[in-house]
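**Student:** Any chance you can model this:
(2 chains)
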2 protein chains.
Amino acid sequence: MIIDCHGHYTTAPPQLQAFRDAQLARLADPSLPPAALAAIGDDELRDSVENHQLKVLRQRGADLMLFSPKASGMSHHVAGPATARAWAAASNDLVHRVTELFPAHFAGVCQLPQTPGGALDGAVAELRRCVSELGFVGCNLNPDPSGGYWTAPPLTDPYWFPLFEAMTELDVPAMIHVSTSCNPSAHTLGAHYLNADTSVFMQLLQGDLFTRFPGLRLVIPHGGGAVPYHWGRYRGLAMRMGRPDPAELLRENVFFDTCVYHQAGIDLLHRVIGASNVLFASEMLGAVRGADPETGVAWDDTRVYVERLGLSAEQRHRVYEANARRVYPRLHARLLTEGR
Amino acid sequence: MIIDCHGHYTTAPPQLQAFRDAQLARLADPSLPPAALAAIGDDELRDSVENHQLKVLRQRGADLMLFSPKASGMSHHVAGPATARAWAAASNDLVHRVTELFPAHFAGVCQLPQTPGGALDGAVAELRRCVSELGFVGCNLNPDPSGGYWTAPPLTDPYWFPLFEAMTELDVPAMIHVSTSCNPSAHTLGAHYLNADTSVFMQLLQGDLFTRFPGLRLVIPHGGGAVPYHWGRYRGLAMRMGRPDPAELLRENVFFDTCVYHQAGIDLLHRVIGASNVLFASEMLGAVRGADPETGVAWDDTRVYVERLGLSAEQRHRVYEANARRVYPRLHARLLTEGR
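**Tutor:** Got it, this is the predicted structure:
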């Protein structure tokens, strides 16, 4: 089977955004009533994915997508833990309903109610709720809740440990994923996302996080940002700093996805990183929609690029399925009970 | 000939750092006397490059290096325009002396006295001094003087126009180069440098800077950060935003260097960007020193990787020499007068 480990609910019914708008309006004017999510029928939810993610998933021959709330919509820069908790819960609950409507095709990955500088207890509680009560298999972790100003400590800092302890206990990974950039110098999709991937990999190279949390697994999306392209730089820096070779991070802890939207990029990813730590993903329908006019291939139809790698059957199995089962053991367990 | 367009004076005599230390001490305690650069003899300057950059340049068969003050030492985050001006002047004057001692092998590229949020008049004045009086052929422009917090507007903002006007008038390019990261989440060499390259390319894709400044030329170092690896993403984003294809930026305005420290990265750079807008560079002796234990090749010996590209004679000439002459016309003019 083919598992796409990186999809966001970018096509949620408009009631969700209306709820968010009401939240933000109330932050600006506390005399307004609390935001309430208007009713959304099952048919409306079905329509919102059947003609979008599910249709494209089927067209491209993939079987299952790990599905999380829209990344740019998480907007962790908005202050206030109660607002963040309610926003994450509403977003995750909708994702959960989609996974219940199409259990063969979607598994949930949750948004965490982070805030800039805020304690992580709300994030831990929402992670526990989503995993234990809603059957989610992972979470999205934002290393920069400020939205482009990078005021949070590196992921190797004890600030993050409560979350890593809960992830380890629940045996779920995190995909590293920032949200909207509030910084006009860093475009959300063309700079901030990739820079976050790059920065976090270097944070991990500088620290000893996986000595403390050997079972922790992090997926760095968008093909690892700039990292595979500059793999020699990371190897050389690691040597100079007296750190282990970056390949050591890749064994059981750090994984890259295939959200790289051209053949040359996917070729480099495979040449440098190999098949053991790369998870198939498209992030459709996400940052980059439409098709290359020169080839007719949709930018985010990453399966086309992966197919052209000429992988062996075993490598193909790893990238499309086995690595995802390894990184997301709760997904694997669920698939096993379904005989898949 | 082979021109290395990216070298920093990382081996300056210790008097330079002592001057900087005295500057910083006086900022902390204004009762201290003004910093003064202790005398540095010509022999000391000769030694500082003959056994380092010049020796390696010769060993690797390159002829000339564009030489600028140490990038991480620029530390534009330090407030105070007078301090920044004196620091840039001292650093540039030393580079100038090296270029006078070894005129066949070094040409100057200047540090600008930028400060976070500060007016650019001091930077313009120092650029004019270095180009008109010291014979420099370009400058290093820091798009984030804050040192990792990205508080400056994008390069397409009118804030930067005085500098671009002067660069256009003087017909000199800028290499985009940040300095030390003060942000523990963004390692200077393993994240901040690459992220800056990526962010600036996206800023340029979003704006119309080259409509206003058609003669402006910017070199984005470190192989363009994450950009070539994610070229499909940039093409797709440009289409979605109704912007010209990113290849349009590459014609006469934006250039990448070859500071990518492994074969797979250089292969990708060439495959995606081609030979017309890539300038040979090593940034030795810089961020990544030492050699790959698997191959024995020094990480920053980028000529080895370029040689293995199998370029045609014409492509080779462009990457090693002709593109640098095009981007740095004052260098070209000087070489012509020398019969080179």
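
**Student:** Return the residues of the stretch 1-150 of chain A in contact with chain B.
**Tutor:** A:143, A:144, A:148, A:149, A:150 (Cβ under 8 Å from any Cβ of the partner chain). Every residue, glycine included, has its C-beta placed from N, CA and C.

**Student:** Tell me how many other residues crowd the first one.
**Tutor:** In this case it means residue A:143. 22 (other Cβ atoms under 10 Å in any protein chain shown).

**Student:** got the contact list for it?
**Tutor:** The contact partners of residue A:143, by Cβ atoms under 8 Å, 6 or more residues apart in numbering or on different chains, come to A:152, A:154, A:155, A:176, A:178, A:196, A:199, A:200, A:203, B:185.

**Student:** just to revisit the earlier point, going by neighbour count, which of the residues of the stretch 1-150 of chain A next to chain B comes out on top?
**Tutor:** That'd be residue A:150 among the residues of the stretch 1-150 of chain A next to chain B, by other Cβ under 10 Å, with 29 neighbours.

**Student:** what about the spatially closest residue to that residue that is not a sequence neighbour, distance to residue A:296?
**Tutor:** Closest residue to residue A:150 apart from its sequence neighbours, by Cβ to Cβ, 6 or more residues apart in numbering or on different chains: residue B:185 at 4.8 Å. In this view, residue B:185 and residue A:296 are 40 Å apart by Cβ to Cβ, to the nearest Å.

**Student:** Please narrow the residues of the stretch 1-150 of chain A next to chain B to those residing in helices.
**Tutor:** Under the assignment DSSP state H, the residues of the stretch 1-150 of chain A next to chain B contribute nothing to helices.

**Student:** still on that earlier bit, between residue B:185 and residue A:296, which one's more packed in?
**Tutor:** Neighbours were tallied for residue B:185 and for residue A:296 using other Cβ under 10 Å; the higher tally belongs to residue B:185 (24 against 8).

**Student:** Doesn't the more buried one lie inside a strand?
**Tutor:** No. Counting by DSSP: H, G, I helix; E, B strand; the rest coil, residue B:185 is not found in a strand; it is coil.

**Student:** That one and residue B:148: what is the separation?
**Tutor:** Counting by Cβ to Cβ, the gap from residue B:185 to residue B:148 is 8 Å.

**Student:** shared neighbours of the two, anything?
**Tutor:** residue A:150.

**Student:** Please identify which residue in the stretch 1-150 of chain A comes closest to chain B.
**Tutor:** Proximity of the stretch 1-150 of chain A to chain B (Cβ to the nearest Cβ) peaks at residue A:150, 4.8 Å away.

**Student:** Which residues of the stretch 201-340 of chain A lie near chain B?
**Tutor:** Where the stretch 201-340 of chain A comes near chain B, counting by Cβ under 8 Å from any Cβ, the residues are A:201-203, A:205-206, A:222-223, A:225-226, A:228-237, A:239-240, A:260-262, A:264-265, A:267-268, A:271-272, A:287-290, A:292-293, A:299-300.

**Student:** and the residues you listed, which are buried?
**Tutor:** Buried subset of these (neighbour count, 16 or more other Cβ atoms under 10 Å in any protein chain shown): A:201-203, A:205-206, A:222-223, A:225-226, A:228-237, A:239, A:260-262, A:264-265, A:267-268, A:271-272, A:287-288, A:292, A:299-300.

**Student:** for residue A:335, what are its contacts?
**Tutor:** Taking Cβ under 8 Å, 6+ apart, we find residue A:335 in contact with residue A:325.

**Student:** who's the residue nearest the centre of chain A bridged to?
**Tutor:** In chain A, the residue lying closest to the centroid (Cα atoms, centre = their mean) is residue A:175, at 4.0 Å. For residue A:175, the beta-bridge assignment (DSSP bridges) gives partners residue A:140, residue A:219.

**Student:** Test my guess that it contacts residue A:167.
**Tutor:** No. Residue A:175 is beyond contact range of residue A:167, at 11.5 Å (criterion: Cβ atoms under 8 Å).

**Student:** Residues that sit against both of those two, list them.
**Tutor:** residue A:139.

**Student:** Any figure for the gap between the residue nearest to residue A:150 and residue A:238?
**Tutor:** Separation of residue B:185 from residue A:238 (Cβ to Cβ): 18 Å.
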